[in-house]
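Engineer: return a 3D structure for these sequence lines:
(2 chains)
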Amino acid sequence: MNKLVSQREDFSAWYNNIVLRAGLADYAPVKGCMVIRPYGYGIWENIQSILDKMIKSVGVQNAYFPLFIPESFIHKEKEHLAGFSPELAVVTYGGGKELEEKLVVRPTSETIINAMFSKWIQSFRDLPLLINQWANIVRWEMRTRLFLRTTEFLWQEGHTAHSTHDEASEMTLTMLSIYRDFMQNSLSIPVICGKKTSSQRFAGALETYTLEAMMGDCKALQMGTSHDLGQNFSRAFDITYQTKENKLEYVWQTSWGVSTRLIGAVVMVHGDDDGLVLPPVIAPIQVVIIPIWRGDEKGKIMEAVISLKKRLRDTTGASGLPLRVYVDTREEFTPGFKFNDWEMKGVPLRIEIGPRDIENSTVTIARRDERTRTTVKNSQALDSVVKTLDEIQGNLYLRAKRFMEGNTYTVNDWNQFKQKTGFVLSHWCGSTECEANIQSETNMTIRCIPMDGEEENGSCILCGKPSNRRVVFAKAY
RNA sequence: CGGGGGGUAGCGCAGUUGGCAGCGCGCUUGGUUCGGGACCAAGAGGUCGCCGGUUCAAAUCCGGCUCCCCCGACCA
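Structural biologist: Presented below is the predicted three-dimensional model:
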């Protein structure tokens, strides 16, 4: 096995290398498509199970809607159509015959879900209607990148309908904060929440909220979005309800989603030159045990290994779930090879049990995040593992936060602005024209208008017109 | 769509003035090893991306096609 290309040398080659070598994914025979391999899919399953509970905790129910959408549905909301038509895949043949109406492979499901909502919603008693689906979607992208942008990807999309705009807005923000909680606590990735500018809003939304994170190369990645759709879709799909006063009103709606892109983010935020580094909460394997023996010691050592494995599996981690433990019994590899192999795969903790450990009733525990190794008494192994996993989870977050903050700059001068790499906090007058000019000159886009930013009088970094708030600029994926 | 790189064993690559298809890793079998990427021995594995041309002879020269990757414009 060769070393990885280093992050500093070529970040994008490093990223591809890790995704392939850690066994997260592989290129599929179809251009722009990928296969998510079991190890990568295991991460997604962990993401799903945590997020699914969080989504349900606010009363949202899961359902499943069709992959195919009648083409006419996409045409009903004109902003939506304009936004998505360049990237639609369209089915024109079925069963050997040309279809009477073409079917669009869903790029997102607003239209087909709302067609159903209009059927299901009649009275204020039917509201709020809170639906989520886990699905695959297809967007015909010009350029693709494993996990970050592929033609087909997996995601979760929530769609809700409410009787008032206030309630819908609140839902939008509730989901935003659920996402933030999940990203920070489960993925150990700090995010900046804010509104998108009008030019970057979801096609058909009144307001788009986003969560932006900084990757290891200081570029920004949009981690998820939550949209306040207002009544744009309910008018297009005629979703009305009768109020208590017997009046007919259009519903107010939201939609929100995160995708398998999050896996790419985990790679780019936590990974290093030795491979992947996974936050314990989402790691498919949290602890790998590597037995080490010479000659005839195998029996004794395996006995200790199996017993430790059992004890660990009976232990619950911070998540309240049993620890995910794997014993690497492969005999064709030396321990040294296995150390490197599991480091590539980002397993948070490695436990070595060899003759020395047996002799002293100890186990050796190595942390993936800080590359440190300690020896603890076998009797304390459980406590130590649980505690250390928890520490790793927190440490990864703090490390990422420090990195983000260290590469965030408050800039008031255009010349300085042009030289910065990272997140740049500057004033912006609010015009789409300035936004576009800044992008064409610097390649930086407005990632968001941060929500927790304070009001502050200043002048637009480009045109000098007054502004009362700083926005986040960055180069983005 | 523009620019760049590439397609030769599972992976990474070499292949000179055209002349038997190679190397490293991996894989298989047997043995010795095992606390940071072990070693020895014996093996298996190829339509050199595709089509055509030049030639006694093409991975190599010429023409055409195709697919993939990377960088930019579009986007979760």
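
Engineer: from here on, just use CA atoms for contacts and neighbour counts.
Structural biologist: OK.

Engineer: where do the strands sit along the stretch 1-150 of chain A?
Structural biologist: For the stretch 1-150 of chain A, the strands defined by DSSP state E, counting those that start in this stretch occupy A:25-27, A:34-36, A:61-62, A:68-70, A:89-94, A:97-105, A:129-138.

Engineer: and what of the stretch 301-450 of chain A?
Structural biologist: A:325-327, A:349-353, A:362-367, A:373-377, A:408-410, A:423-427, A:445-450.

Engineer: next, count neighbours for the residue of the stretch 201-350 of chain A found nearest RNA strand B.
Structural biologist: Per C-alpha to the nearest atom of the strand, A:Gly336 is where the stretch 201-350 of chain A lies closest to RNA strand B, at 3.1 Å. As a burial measure, A:Gly336 scores 10 neighbours (other C-alpha atoms under 10 Å).

Engineer: swap in A:Asp238?
Structural biologist: By other C-alpha under 10 Å, the burial measure for A:Asp238, its neighbour count, is 18.

Engineer: do A:Asn185 as well
Structural biologist: The burial count for A:Asn185: 16, using other C-alpha under 10 Å.

Engineer: I'd like to know how far it sits from A:Gln393.
Structural biologist: Per C-alpha to C-alpha, to the nearest Å, A:Asn185 is found 8 Å from A:Gln393.

Engineer: and the stretch 151-300 of chain A, which residues reach RNA strand B?
Structural biologist: Taking C-alpha under 7 Å from any atom of the strand as the contact definition, the stretch 151-300 of chain A meets RNA strand B at A:151-153, A:200-202, A:222-225, A:258-261, A:274, A:292-295.

Engineer: give me the buried entries from these.
Structural biologist: A:151-153, A:201-202, A:222-225, A:258-261, A:274, A:292-293 (16 or more other C-alpha atoms under 10 Å).

Engineer: among the strands of the stretch 1-150 of chain A, which is nearest RNA strand B?
Structural biologist: Closest among the strands of the stretch 1-150 of chain A, using C-alpha to the nearest atom of the strand: strand A:25-27, at 6.1 Å.

Engineer: buried set for that closest one?
Structural biologist: Buried, per 16+ other C-alpha under 10 Å, within strand A:25-27: A:Ala25, A:Asp26.

Engineer: same question for stretch A:272-281.
Structural biologist: A:Asp272, A:Asp274, A:Gly275, A:Leu276, A:Val277, A:Leu278, A:Pro279, A:Pro280, A:Val281.

Engineer: can these go into a markdown table with extra columns for secondary structure?
Structural biologist: As requested, the buried residues of stretch A:272-281 are exported to a markdown table (DSSP: H, G, I helix; E, B strand; the rest coil):
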| residue | secondary structure |
| --- | --- |
| A:Asp272 | strand |
| A:Asp274 | coil |
| A:Gly275 | strand |
| A:Leu276 | coil |
| A:Val277 | coil |
| A:Leu278 | coil |
| A:Pro279 | coil |
| A:Pro280 | coil |
| A:Val281 | coil |
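
Engineer: let's have those residues in CSV, adding pLDDT.
Structural biologist: CSV is the format used below for those (pLDDT from 0 to 100):
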residue, pLDDT
A:Asp272, 93
A:Asp274, 91
A:Gly275, 92
A:Leu276, 95
A:Val277, 97
A:Leu278, 98
A:Pro279, 98
A:Pro280, 97
A:Val281, 97
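
Engineer: of all pairs in the residues you listed, which one is the farthest apart?
Structural biologist: The two members of these with the most space between them (C-alpha to C-alpha) are A:Asp274 and A:Val281, at 20.5 Å.

Engineer: helix, strand, or coil at the residue of chain A positioned farthest from its centre?
Structural biologist: Residue farthest from the centre of chain A, counting by C-alpha atoms, centre = their mean, is A:Asp296 at 47.3 Å. Following three-state DSSP, A:Asp296 is assigned to helix.

Engineer: kindly check the end-to-end length of stretch A:325-341 for me.
Structural biologist: Stretch A:325-341: ends 16 Å apart by C-alpha to C-alpha.

Engineer: what's the answer for stretch A:241-259, then?
Structural biologist: 32 Å.

Engineer: buried ones in that stretch, by neighbour count?
Structural biologist: A:241-242, A:249-259.

Engineer: give me the residue from the stretch 351-477 of chain A nearest RNA strand B.
Structural biologist: Taking C-alpha to the nearest atom of the strand, the stretch 351-477 of chain A has A:Gly354 as its residue nearest RNA strand B, at 2.8 Å.

Engineer: which residues pair with the nearest residue to A:Asn360 once chain neighbours are set aside across the strands?
Structural biologist: Excluding the flanking residues, the one nearest A:Asn360 by C-alpha to C-alpha, 6 or more residues apart in numbering is A:Lys377, at 8.0 Å. Assessed by DSSP bridges, A:Lys377 has beta-bridge partners A:Thr362.

Engineer: how close does A:Lys377 get to A:Val267?
Structural biologist: In terms of C-alpha to C-alpha, A:Lys377 sits 33 Å off from A:Val267.

Engineer: go on, A:Arg447?
Structural biologist: Using C-alpha to C-alpha, A:Arg447 is found at 21 Å from A:Val267.

Engineer: comparing those two, which residue is more hemmed in?
Structural biologist: A:Arg447 (28 against 22).

Engineer: you'd agree the more buried one is up against A:Gln439?
Structural biologist: No - with contact defined as C-alpha atoms under 8 Å, A:Arg447 and A:Gln439 do not form a contacting pair (11.3 Å).

Engineer: so which residues of chain A form helices?
Structural biologist: For chain A, the helices defined by DSSP state H occupy A:11-21, A:38-56, A:71-74, A:78-84, A:110-120, A:165-185, A:232-236, A:261-270, A:298-313, A:335-344, A:355-360, A:381-406, A:414-419, A:432-442.

Engineer: packing partners of the third one?
Structural biologist: Judged by 3 or more C-alpha pairs under 8 Å, 6 or more residues apart in numbering; DSSP states H and E, helix A:71-74 is in contact with strand A:97-105, helix A:110-120.

Engineer: what's near enough to touch the nearest residue to A:Thr240 once chain neighbours are set aside?
Structural biologist: Excluding its sequence neighbours, the residue lying closest to A:Thr240 (C-alpha to C-alpha, 6+ apart) is A:Tyr250, at 4.3 Å. With contacts defined as C-alpha atoms under 8 Å, 6 or more residues apart in numbering, the neighbours of A:Tyr250 are A:Ser163, A:Gln231, A:Ser234, A:Arg235, A:Asp238, A:Ile239, A:Thr240, A:Tyr241.

Engineer: against A:Ser199, how distant is A:Tyr250?
Structural biologist: For A:Tyr250, the distance to A:Ser199 - C-alpha to C-alpha - is 26 Å.

Engineer: repeat that for A:Phe11.
Structural biologist: To A:Ser199, A:Phe11 is 29 Å away according to C-alpha to C-alpha.

Engineer: and A:Phe73, by the same measure?
Structural biologist: The gap separating A:Phe73 from A:Ser199 is 24 Å, by C-alpha to C-alpha.

Engineer: which of those two has more neighbours?
Structural biologist: A:Phe73 (18 against 13).

Engineer: about what we covered before: JSON lines for the strands of the stretch 301-450 of chain A, including mean pLDDT?
Structural biologist: Shown next, in JSON lines, are the strands of the stretch 301-450 of chain A (pLDDT from 0 to 100):
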{"stretch": "strand A:325-327", "mean pLDDT": "97"}
{"stretch": "strand A:349-353", "mean pLDDT": "98"}
{"stretch": "strand A:362-367", "mean pLDDT": "98"}
{"stretch": "strand A:373-377", "mean pLDDT": "97"}
{"stretch": "strand A:408-410", "mean pLDDT": "95"}
{"stretch": "strand A:423-427", "mean pLDDT": "95"}
{"stretch": "strand A:445-450", "mean pLDDT": "95"}
